[in-house]
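1. Build the 3D model from these lines:
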Amino acid sequence: MALRLAALLLFAPLLASAAPAFPLRASADGRYLEDQNGVPFPILGRTAWFVISLSAADQHTFVDDTAAKGYDAIEFHVLDHDPRGNNPPFANAGALLPFTGKLGGGAWTGTAGTPDFTTPNEPYWAFVDQFLAYCESKGVVVLMFPAYVGFGGGNQGWMQEMVANGSSRLSQYGAFLAARYQTRKNIVWMMGGDMGSFAADQQAAENGLITGLKSVAGQLSTHFAAEWSSGSICTDQGAFGSNCTLNSSYSWEGDVSNFTRGAYAHTPVRPAFLLEEPYDEEGPDGNSVNPNATQPVRRFQWWGVLGGVAGYVSGNGLVWPFNSGWQSHLNTQGAQDMARLNAFVGSIPWWKLVPSELGGMKKLVTSGQSASVSDANYVAAAAAADGTLLVAYLPPAHSGTISVDMTAMSAPSRARWFNPTSGSFTDISSGLSNTGAQAFTPPGNNGTGSNDWVLLIDTNALQICDGGSCGPGADAGGSNIVDAPRAGCGCRNTSFDGTVLGAMLLAAFWPRRRARDAERHRP
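-> Here you go, the predicted model:
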């Protein structure tokens with residue numbers, strides 16, 4: 001532990017340079033986000049629906065843990081309503097309400113009557129201000145719902161109150177937010193909220209809100225995405241899809257590859273990312289609200305990253321409500337798996353990836369593949385158009401050997417297995433011919449009782465671990481691509497240490513990665 005703490009202290013001065021240069025913009029090809037220095041920014045997100053209900057101290061605990069695991073985005077609603085969460089509609093541990101008045105006159109107490117959306121309570125919004133600023137200081141972008149409408153327009157969201165307020169009041173509320181956060185750089189405005197079909201009065205209310213959000217000139221945060229009904233992508237929605245600058249996908253049922261690939265294939269091109277899927281501890285091992293959330297849920301995020309490329313958002317059913325005891329669920333196997341996924345994404349030129357059979361990419365897995373992208377044993381694969389990199393995810397339901405079209409590679413290549421549950425690499429071979437098909441058989445049990453693995457093929461000895469400072473060659477055992485595991489490297493005896501990986505990467509990896517990427521993208 002002393003060595004780990006020493007590593008964090010050693011690299012602490014680098015933390016100030018770790019944050020991206022917000023606001024984010026779409027890349028020239030429209031496939032991913034980048035910061036103002038042209039550094040690619042993957043959406044590595046964590047759901048935090050009720051985070052505004054917490055005290056500032058607890059918010060900081062959550063955001064610090066989030067950043068330490070390599071996440072760079074959170075999703076939340078700035079107004080809480082869902083009765084399953086922590087003390088809605090109050091913020092700051094029950095101390096603040098978002099509005100002062102109610103429709104028809106009088107003060108709104110949060111328990112009776114309908115709030116008037118044109119009566120913002122200044123202390124509440126000042127509390128929101130500090131939270132957004134803290135997120136930005138940690139390099140975290142916020143996917144923020146101004147008014148989450150709720151499943152079916154029911155009590156999980158604000159649609160009934162929105163309709164009661166009407167389009168004009170919602171437009172004023174949207175304009176209030178746009179003016180207040182005109183210079184805030186780390187917001188993505190979120191539309192909808194588990195609802196994709198709107199009656200006329202509902203559509204008018206949602207339209208009023210969006211119109212207000214867009215009514216203020218000179219805003220620095222101008223991206224829009226949405227969560228419509230499950231089984232959709234942002235641009236699907238007839239009335240509002242044209243507002244989407246990011247193409248978010250949502251499948252409560254877990255049909256992730258189908259919808260993220262659909263978002264990637266959409267024209268005109270928008271950065272495509274997985275917004276929502278079955279959450280960790282929301283199945284039989286947790287609160288049992290989603291029968292599709294069987295473990296290991298990491299398969300959904302790996303499918304999402306390789307199907308949409310621009311990123312993903314994951315969640316935990318026992319964290320996002322922020323009810324008593326939420327802290328004890330921050331370090332589940334699922335959370336640690338996401339820290340390893342985040343590190344993996346950050347260690348490769350992920351922005352170059354093109355999903356198999358999309359965007360001009362050939363079919364990468366030529367045998368051992370499922371019949372449909374919706375199948376549980378679907379092998380998601382993506383490769384760089386320049387032929388330098390290929391990544392394939394073999395999910396737990398897959399068995400047997402796959403064959404990969406090696407003509408996707410531009411030169412003889414090396415291949416390795418990456419264990420998504422430990423972060424360790426296993427060498428397969430080097431100097432593989434970039435002609436014909438090559439068979440690969442996964443190692444089997446990855447140490448957790450599952451047999452999902454990631455196949456990594458590259459041509460240029462990618463420096464997995466800390467972005468290039470660990471050394472160019474394999475160790476004496478041939479199983480670790482570093483010359484020596486070192487404090488701050490993120491490698492621990494050929495494995496990422498899941499319990500401290502994120503903190504080490506925050507302290508050592510991310511500043512180097514961003515500096516290197518900025519150099520690569522400098523005009």
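
2. Do I have it right that residue 338 meets residue 71?
-> Yes. If you go by CB atoms under 8 Å, residue 338 and residue 71 touch, sitting 7.3 Å apart. All C-beta atoms are positioned from the backbone trio N, CA, C, and that covers glycine.

3. quick one, which of the two is more surrounded?
-> residue 338 (28 against 25; other CB atoms under 10 Å).

4. need the longest helix for this protein.
-> If you go by DSSP state H, the chain has its longest helix at helix 159-180.

5. got the contact list for that one?
-> Residues from elsewhere that reach helix 159-180 (CB atoms under 8 Å, 6 or more residues apart in numbering): 103, 114-118, 120, 125, 129, 146-147, 149-150, 153-154, 195, 201-202, 204-216, 219.

6. Find residues that contact each of residue 338 and residue 71.
-> Listed as contacting both residue 338 and residue 71 by CB under 8 Å, 6+ apart are 44, 46.

7. What is the burial count for residue 328?
-> 10.

8. Kindly apply the preceding question to residue 428 instead.
-> Neighbours of residue 428 (other CB under 10 Å): 17.

9. Check residue 27 too.
-> 17.

10. which residues touch it?
-> Contacts for residue 27 (CB under 8 Å, 6+ apart) come out as 33-34, 40, 271, 351.

11. same question, residue 312
-> Counting by CB under 8 Å, 6+ apart, residue 312 touches 43-45, 273-274, 301, 304-305.

12. Make CSV from those residues and add pLDDT and distance to residue 293 to it.
-> Output for these, formatted as CSV (pLDDT from 0 to 100; distance: CB to CB, whole Å):
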residue, pLDDT, distance to residue 293
43, 98, 21
44, 98, 20
45, 98, 17
273, 98, 20
274, 98, 15
301, 98, 13
304, 98, 15
305, 98, 18
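
13. So which of these belong to strands?
-> 43-45, 273-274 (DSSP state E).

14. of the residues you listed, buried ones?
-> The neighbour-count test (16 or more other CB atoms under 10 Å) marks 43-45, 273-274 as buried among the ones in strands among the contacts of residue 312.

15. Which stretches in the stretch 1-150 of the chain count as strands?
-> Under the criterion DSSP state E, counting those that start in this stretch, the stretch 1-150 of the chain contains strands at 25-26, 33-34, 40-41, 43-47, 73-77, 141-145.

16. How far does the fifth one sit from its chain's centre?
-> Using CA atoms, centre = their mean, to the nearest Å, the mean C-alpha position of strand 73-77 is found 9 Å from that of the whole chain.

17. repeat for the fourth one
-> On the basis of CA atoms, centre = their mean, strand 43-47 sits 3 Å off its chain's mean C-alpha point.

18. What angle do strand 141-145 and it make with each other?
-> Angle, strand 43-47 to strand 141-145, by axes from the mean of the first three to the mean of the last three CA atoms, to 10 degrees: 50 degrees.

19. Give me the contact list for strand 43-47.
-> 33, 66, 69-76, 141, 143, 271, 273, 276, 279, 310-316, 319-320, 338, 341-342, 345.

20. Not counting residues beside it along the chain, what's closest to residue 275?
-> Distance criterion CB to CB, 6 or more residues apart in numbering; nearest residue to residue 275, sequence neighbours excluded, is residue 248 at 3.7 Å.
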